[in-house]
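Trainee: The following comprises the amino acid sequence and a computationally predicted model.
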Amino acid sequence: MSEPIIKIKDLSVVYKQKKQTIVAVDDVDLEVEAGDIYGIVGYSGAGKSTLVRTINLLQVPTAGFIEVDGHVLSDNKQLYKGRLLRQARHDIGMIFQHFNLLAESTVVKNVEFALRHSDVNKNDRNKRALELLELVGLSDRANNYPSQLSGGQKQRVAIARALANDPKVLISDEATSALDPKTTRQILDLLKELNQKLGITIVIITHEMQVVKEIANKVAVVQDGKIIERGSTVEIFSNPKEPLTKEFIGVATGINEAIETIKNSKTVQNLSKNQILVELAYKGQSTGEPVINNVYDKYKVSANILFGNVEILNETPIGSLIVVLDGTAPNIKKAIKEFQENKVTVNVLKEGE
Amino acid sequence: MLNLIKEYLPNVYNFGWTGDYGWGTAIWQTIYMTFWSGLIGGIMGLVAGVTLVITDENGFAKNKPVFFILDKIVSLFRAIPFIIMLVIALPISRNVFHAGIGPNGALLPLALSLFPFYARQVQAALAEISPGLIEAGLAAGGNFWDLIGIYLKESRSELIRVSTVSIISLIGLTAMAGAIGSGGIGNMAVVLGYQRYYWDVMWLGTFIILLMIFIVQFIGDTLAKRLNHQ
């Protein structure tokens, strides 16, 4: 295990408005290791954005400890300020939902902006900016203005700007939320490529589990200013514990929608006494099918597959099947036991009457 | 040409081009007053406008006392009618800056009237800038002046537009100052034209003022359009 590059301890952000206090971030601990792509998921208003923006002190915490790549940005009331803070920010790139490019500056000047206080010699800044644009695949648009670019291209410019000072950490604040699905995928692919090529640690805030599924190796779910569940993406996807996490995953895999549709279908409405509707969830290579064969051979319990979904997360397949098991009641019980022994999670959705 | 003027606009002709009451002198005085008071009042207004934006509740240099005081000063000066500003500022002009009457005497009241007007316009123009741009500037390690730079550059087209409006309004004020003795085209049209029943002089003065305003408007519009990449 490598040393964490981001260490957050007992972090709180409290807003005091006239009569009420709002706790946006509530005593959060978070550690991100170098090289991670860490997804922070939550609904809007959950406090995820506030939490992550404390990493470069765009949001000043009310209390708590923040260390990023050796810079102790916040130690309760002691905060990084002035030049020290600006230099620390060179190690923390950031991209935004609405790109935040300078409309009155060309693409290459936008990237050069971030090099103003860097060690790069004034004459070499243009060259460096062009290299960065090359890296994000936009060198031919260097002299265009942002308004002449598509959303995906704008985000690429923003990424080039964020990478200008060779940061160790890249914060992505809903960076794909304003993009269409195809462009989202391209931007995520680019982030993943940068993570592998440059070894940059990425913290990605999103309200879409889809995004996490696509690139993150770790994930934390935020609700009411607290991290309610965290772990590796494979762990969380294969075995979510909190209802909110399940909901997010359900939306991402389409399984919630499938269950709703299936529950309304004729087959399921008229389940007979020896039928039962279950969700089988499995992780890794212990795929469902041989087990399904086994239970049929052993207990004469047949499985009618109504829906199936397999996600490959970090090369681990995570599957989910919705099936109607058909057999005598005691045999169905045995079959379920057999499934569980084979590390297949069984979730009964509906029993026949 | 000169004969035509002599025949049909005899009073206009009598004032001549040069001399204390010549047309050339009057045009020059108007340009002189507009330029210097515009420069002084403009810089004051720009600084005040920028300060108001960056020190307000959502500004990156939030500062309640500075905002409060400046906001009140601007409101106060904005509330003084120009004609009253003229008479208030005249003794200060005379005793502190030793500027007599004439174009120099009008510079202080003109600048003091322009400043709050322009400050509010700048404030409104800068308020249009998305807070996200300032955040991006901060996240990229930008310092105070980088952020000011973002504000000014991003709103430059809007700033030119409000400057145009302000210069036009300033030309109008110089005409008013002219009426109480600071010279310029306003003096020509009101004191030497209207009050002496020299209608041709009054109409030509009006026409010249209009022409100046059209030219300023045209230059402003062209620049604003050319510098806009939003």
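Mentor: Thanks, I have it.

Trainee: Can you tell me what sits against the helix or strand hosting A:Glu311?
Mentor: Under the criterion of DSSP states H and E, A:Glu311 resides in strand A:302-313. With contact meaning Cβ atoms under 8 Å, 6 or more residues apart in numbering or on different chains, strand A:302-313 is reached by A:213, A:233-234, A:237, A:253-255, A:258-259, A:262, A:265, A:267-268, A:292, A:295-296, A:317-327. For every residue, glycine as well, the C-beta is placed using N, CA and C.

Trainee: From those residues, list the buried ones, please.
Mentor: A:213, A:233-234, A:237, A:253, A:255, A:258-259, A:262, A:268, A:292, A:295, A:317-327 (16 or more other Cβ atoms under 10 Å in any protein chain shown).

Trainee: Okay, buried residues for stretch A:183-198 please.
Mentor: A:Thr183, A:Thr184, A:Arg185, A:Gln186, A:Ile187, A:Leu188, A:Leu190, A:Leu191, A:Leu194, A:Asn195.

Trainee: Apologies, that question was intended for stretch A:116-126.
Mentor: Going by 16+ other Cβ under 10 Å, stretch A:116-126 has these buried residues: A:Arg116, A:His117, A:Ser118, A:Val120, A:Arg125, A:Asn126.

Trainee: before we move on, what about stretch A:264-274?
Mentor: Under the neighbour-count criterion of 16+ other Cβ under 10 Å, stretch A:264-274 has A:Val268, A:Leu271 buried.

Trainee: so what's A:Lys218 up against?
Mentor: Contacts of A:Lys218 by Cβ under 8 Å, 6+ apart are A:Val32, A:Asp36, A:Ile37, A:Tyr38, A:Gly39, A:Arg230, A:Gly231, A:Ser232, A:Thr233.

Trainee: for the closest residue to it other than its chain neighbours, helix, strand, or coil?
Mentor: In space, and not counting its chain neighbours, A:Lys218 is closest to A:Tyr38: 4.9 Å by Cβ to Cβ, 6 or more residues apart in numbering or on different chains. Put simply, A:Tyr38 is strand when judged by DSSP: H, G, I helix; E, B strand; the rest coil.

Trainee: in chain A, which helix has the most residues?
Mentor: helix A:181-198 (DSSP state H).

Trainee: Kindly export that helix (C-alpha atoms) in PDB.
Mentor: The C-alpha coordinates for helix A:181-198 follow below in PDB (Å, rounded to 0.1, in the frame of the first residue of the first chain):
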ATOM      1  CA  PRO A 181     -23.000  10.300 -23.300                       C
ATOM      2  CA  LYS A 182     -20.500   9.800 -26.200                       C
ATOM      3  CA  THR A 183     -18.500  12.800 -25.300                       C
ATOM      4  CA  THR A 184     -18.600  11.800 -21.700                       C
ATOM      5  CA  ARG A 185     -17.100   8.500 -22.600                       C
ATOM      6  CA  GLN A 186     -14.300  10.200 -24.600                       C
ATOM      7  CA  ILE A 187     -13.500  12.500 -21.700                       C
ATOM      8  CA  LEU A 188     -13.500   9.700 -19.200                       C
ATOM      9  CA  ASP A 189     -11.200   7.700 -21.500                       C
ATOM     10  CA  LEU A 190      -8.800  10.600 -21.700                       C
ATOM     11  CA  LEU A 191      -8.800  10.900 -17.900                       C
ATOM     12  CA  LYS A 192      -8.100   7.200 -17.500                       C
ATOM     13  CA  GLU A 193      -5.300   7.500 -20.100                       C
ATOM     14  CA  LEU A 194      -3.800  10.400 -18.200                       C
ATOM     15  CA  ASN A 195      -4.000   8.500 -15.000                       C
ATOM     16  CA  GLN A 196      -2.100   5.600 -16.500                       C
ATOM     17  CA  LYS A 197       0.400   7.700 -18.500                       C
ATOM     18  CA  LEU A 198       1.200  10.400 -16.000                       C
END
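
Trainee: if I look at B:Asn3, how far off is chain A?
Mentor: To chain A, B:Asn3 is 53 Å away according to Cβ to the nearest Cβ, to the nearest Å.

Trainee: hmm, back to that, so how far is the longest helix of chain A from its chain's centroid?
Mentor: 13 Å (Cα atoms, centre = their mean, to the nearest Å).

Trainee: list the contacts for the residue nearest to A:Thr106 when sequence neighbours are not counted?
Mentor: Leaving out its chain neighbours, the residue that sits closest to A:Thr106 by Cβ to Cβ, 6+ apart is A:Asn143, at 5.2 Å. When contacts are counted by Cβ under 8 Å, 6+ apart, A:Asn143 touches A:Thr106, A:Val107, A:Val108.

Trainee: So A:Asn143: helix, strand or coil?
Mentor: Classified using three-state DSSP, A:Asn143 is coil.

Trainee: quick one, phi/psi of it?
Mentor: phi -100, psi 10 (degrees, to the nearest 10).

Trainee: For it, give me the pLDDT.
Mentor: Here, the pLDDT recorded for A:Asn143 equals 91.

Trainee: Report the spatially closest residue to A:Gly93, excluding sequence-adjacent ones.
Mentor: A:Ala162 (3.2 Å).

Trainee: if I look at the one you found, how far off is B:Asn11?
Mentor: From A:Ala162 over to B:Asn11 the distance is 70 Å, taken as Cβ to Cβ, to the nearest Å.

Trainee: Look at the two and report which has more neighbours.
Mentor: A:Ala162 (27 against 16; other Cβ atoms under 10 Å in any protein chain shown).

Trainee: give me every residue that touches the more buried one.
Mentor: Going by Cβ under 8 Å, 6+ apart, the list of residues near A:Ala162 reads A:Gly93, A:Met94, A:Ile95, A:Ala114, A:Leu170, B:Ala139, B:Ala140.

Trainee: what bits of the chain have low per-residue confidence?
Mentor: Unless you meant another one, I'm taking chain A. Along chain A, segments meeting pLDDT under 70 span A:1-2, A:285-289.

Trainee: that's the wrong chain, I meant chain B
Mentor: For chain B, the stretches with pLDDT under 70 are B:100.

Trainee: Tell me how far the closest residue to B:Gly16 other than its chain neighbours lies from chain A.
Mentor: Counting by Cβ to Cβ, 6+ apart, B:Gly22 is the residue found nearest to B:Gly16 once chain neighbours are left out, at 4.7 Å. From B:Gly22 across to chain A, the span is 44 Å (Cβ to the nearest Cβ).

Trainee: ditto for B:Thr34
Mentor: Distance of B:Thr34 to chain A, computed by Cβ to the nearest Cβ: 28 Å.

Trainee: other SSEs contacting the helix or strand hosting that residue?
Mentor: Following DSSP H and E, one finds B:Thr34 within helix B:23-55. Counting contacts by 3 or more Cβ pairs under 8 Å, 6 or more residues apart in numbering or on different chains; DSSP states H and E, helix B:23-55 is packed against helix B:64-79, helix B:103-127, helix B:144-154, helix B:156-177, helix B:184-187, helix B:199-226.

Trainee: quick one, which of the ones you listed is nearest to chain A?
Mentor: Closest approach to chain A among the helices and strands packed on helix B:23-55 (Cβ to the nearest Cβ): helix B:144-154, 5.2 Å.
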